[in-house]
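> This is a predicted model, with the sequence first.
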Amino acid sequence: FDVVFAWMVVEHLADPLTTLAEVHRVLRSDGWFVFSVPNFASWERVFFGRYWHALETPRHLQHFHPRSIRRLLSESGFENVRILHHHSLNQAAGSLGLWLQENHWFPGLAKRLIDIPHRPSVMSTVAMAPAAKLAAWLKQSGRLTVVARKPTMGTSKSTGKGQ
């Protein structure tokens with residue numbers, strides 16, 4: 001394959017290292033692996049704790065932060081790892097909704113907020129855009145997109161340290 005995509009999949013894997021090794025195997029030399037995961041290192045997770053919408057236990061078996069992603073990809077043979085922070089606060093809205101729901105405050109609002117990560121409206125996206133851009137710029141967004149390359153045959157492995 002030239003490229004493999006896995007949007008919100010890797011956090012559901014019991015053994016991500018084995019799966020990433022298989023992705024590496026099926027990619028052609030110089031192929032790309034692009035995936036997205038929740039960011040366990042985000043301010044959202046720290047602030048909301050057990051109410052963090054992306055925690056999703058027991059469905060999410062793994063939680064990743066940029067350093068653990070780089071290590072996992074390096075162990076799987078990938079290089080040129082780029083980590084992009086989403087310009088979105090949808091998980092934060094969902095987390096606030098979970099907190100409101102558990103505390104029995106504003107049940108209608110809580111339900112709407114919990115639904116935002118799954119069905120964001122244009123209005124909510126626009127309203128949160130400035131703060132979402134700031135969180136991404138500070139490398140604190142709740143979701144990450146990762147781009148990694150399988151090395152060309154015969155080249156040395158080097159992981160990009162850009163972001």
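That came through, no problem.
> Can you name the helix or strand that F33 falls in?
According to DSSP states H and E, F33 maps onto strand 32-38.
> How far does that strand sit from its chain's centre?
8 Å (C-alpha atoms, centre = their mean, to the nearest Å).
> and if you look at stretch 44-60?
12 Å.
> And the nearest residue to P66 once chain neighbours are set aside, its phi and psi?
Leaving aside its sequence neighbours, P66 sits nearest to I83 (C-beta to C-beta, 6 or more residues apart in numbering; 5.0 Å). (C-beta placed from N, C-alpha, C; glycine too.) The phi/psi pair for I83 (degrees, to the nearest 10) reads phi -120, psi 120.
> and I83, how many neighbours?
22 (other C-beta atoms under 10 Å).
> Kindly report the same for A93.
Neighbours of A93 using other C-beta under 10 Å come to 22.
> tell me the secondary structure for it?
Recorded secondary structure, A93: helix (DSSP: H, G, I helix; E, B strand; the rest coil).
> Just list the residues touching it, thanks.
Neighbouring residues of A93 by C-beta atoms under 8 Å, 6 or more residues apart in numbering: H53, L113, I116, P117, S124, M128.
> Checking my notes, the second one in a strand, right?
No. Assignment of L113 by three-state DSSP gives helix, placing it outside any strand.
> isn't it right up against A92?
No. Using C-beta atoms under 8 Å, L113 is not in contact with A92, being 9.3 Å away.
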